[in-house]
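Engineer: Turn this into a structure:
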Amino acid sequence: MVTDIRNKVVLSEKLPEAMCLAYDSEAGITPEFIDEYDKALEWADVILAGPGLGTGEVSEKLLDNAIEKIASGQQLVMDADALNIISKKDAGEILASLTRKLGFENVVITPHIMEMSRLRGSLKDKTSFDEEIKTAGYESKIDYIKDSAFDVAKLFSDDYGCICILKDARTAVSCTGYLSDKKEMLCYINTTGNSGMSTAGSGDVLSGILAGVLAQNRADQMTVYEASCLAVNLHGRAGDLAKADKGEHALLAGDIIEAINKDLLYR
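Structural biologist: Numbers count the residues shown, from 1 in each chain. Coordinates of the predicted model:
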């Protein structure tokens, strides 16, 4: 886990099992830290970037370094602030270059509706998106993406070669299908979960579940697309168990994590 030094004490108390590599965002990144950071990147099979990252100058440098150093044979999950950072640039070119480097299915993005709006808004060809919305009879990008989540996720995957997990009340998981025998577009709509899961941090839990599933998939029993669908389904089912235990209106992200350990989840 890579985090600002100000988080280290709290994380060590709450997650004593976690190994932390800390930097000081106020003092700037030192060459010594970068050396350790690069070693950690090289060691990892799966890299999850975004949760708790922030969007400041130091955060941007950390993400840029990870994007530069990540290599073939590794898998990358981009969530939260990682998506917000690349949305300030040309997100499409960044994702396409990562796909060329890592291969189809090895780059996964997990935007919610607002993050997808930022991603689409950052593309070089913004006019086609505006025309797409206008043709569909919408004035709001958010409303259009929400009502067309299935098609928006599929189009993004097909254009940039990444797996797209577009999060909403019914999350869509889309893959280009380049690694499938049928060579066709794949898209899964998840039906587990509940509105109590709109609580802060729930999306971070999903990306953590996905990274964990991928890290345990060493023998490639599943494709990354299948692992993504599994993670989304498990996340929703854990949320449903947490709702039954805590109630929909009192649900916290930590309750979802706690529910992952329940035997009922795997029946």
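
Engineer: Quick check: beta-bridge partners of Val108?
Structural biologist: Beta-bridge partners recorded for Val108 (DSSP bridges): Val77, Ile163.

Engineer: That one and Leu102: what is the separation?
Structural biologist: Val108 sits 10 Å away from Leu102 when distances are taken as C-beta to C-beta, to the nearest Å. Any C-beta I mention is one placed from the backbone N, CA and C, and that applies to glycine too.

Engineer: more crowded one of these two?
Structural biologist: Looking at Val108 and Leu102 with other C-beta atoms under 10 Å, you find the greater number of neighbours at Val108, namely 27 against 19.

Engineer: Looks like that one contacts Thr223 (just checking).
Structural biologist: No: using C-beta atoms under 8 Å, Val108 makes no contact with Thr223, being 11.4 Å away.

Engineer: Spell out which residues are contacts of both of Val108 and Leu102.
Structural biologist: Listed as contacting both Val108 and Leu102 by C-beta atoms under 8 Å, 6 or more residues apart in numbering are 75-76.

Engineer: Helix or strand: which one has Cys187?
Structural biologist: In this structure, Cys187 is located in strand 186-189 according to DSSP states H and E.

Engineer: can you pull the buried residues of that strand?
Structural biologist: 186-188 (16 or more other C-beta atoms under 10 Å).

Engineer: could you give me the average pLDDT of it?
Structural biologist: Mean pLDDT, strand 186-189: 88.

Engineer: got the buried residues for the helix or strand just after it?
Structural biologist: Going down the chain from strand 186-189, the next helix or strand is helix 202-215, by DSSP H and E. Neighbour-count burial for helix 202-215, with 16+ other C-beta under 10 Å as criterion, is recorded at 202-214.

Engineer: And the contacts of helix 202-215?
Structural biologist: The set of residues that contact helix 202-215 without belonging to it, under C-beta under 8 Å, 6+ apart, is 45-46, 48, 50-52, 75, 77, 79-80, 108, 110, 112, 165, 167, 222, 224, 227-228, 230-232, 234-235, 239, 253, 256-257, 260.

Engineer: circling back to that earlier point, quick one: the buried residues of helix 202-215 as a markdown table, columns for distance to Lys141 and pLDDT too.
Structural biologist: A markdown table is the format used below for those (distance: C-beta to C-beta, whole Å; pLDDT from 0 to 100):
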| residue | distance to Lys141 | pLDDT |
| --- | --- | --- |
| Ser202 | 23 | 97 |
| Gly203 | 19 | 97 |
| Asp204 | 24 | 96 |
| Val205 | 26 | 97 |
| Leu206 | 23 | 98 |
| Ser207 | 23 | 97 |
| Gly208 | 28 | 96 |
| Ile209 | 28 | 97 |
| Leu210 | 26 | 98 |
| Ala211 | 29 | 97 |
| Gly212 | 32 | 95 |
| Val213 | 31 | 96 |
| Leu214 | 31 | 96 |
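
Engineer: which residue packs closest to Lys101, ignoring adjacent ones?
Structural biologist: When the adjacent residues along the chain are set aside, Lys101 lies closest to Ser72, with 6.4 Å between them (C-beta to C-beta, 6 or more residues apart in numbering).

Engineer: Could you pull out the helices in the stretch 151-267 of the chain for me?
Structural biologist: Listed in chain order, the helices of the stretch 151-267 of the chain (DSSP state H, counting those that start in this stretch) span 202-215, 224-246, 253-259.

Engineer: re the thing from before, hang on, the residue nearest to Lys101 packs against Val107?
Structural biologist: No: with the criterion set as C-beta under 8 Å, Ser72 and Val107 do not qualify as a contacting pair; they are 11.9 Å apart.

Engineer: how far away is Asp151 from Ala22?
Structural biologist: Applying C-beta to C-beta, one obtains 42 Å for the distance of Asp151 from Ala22.
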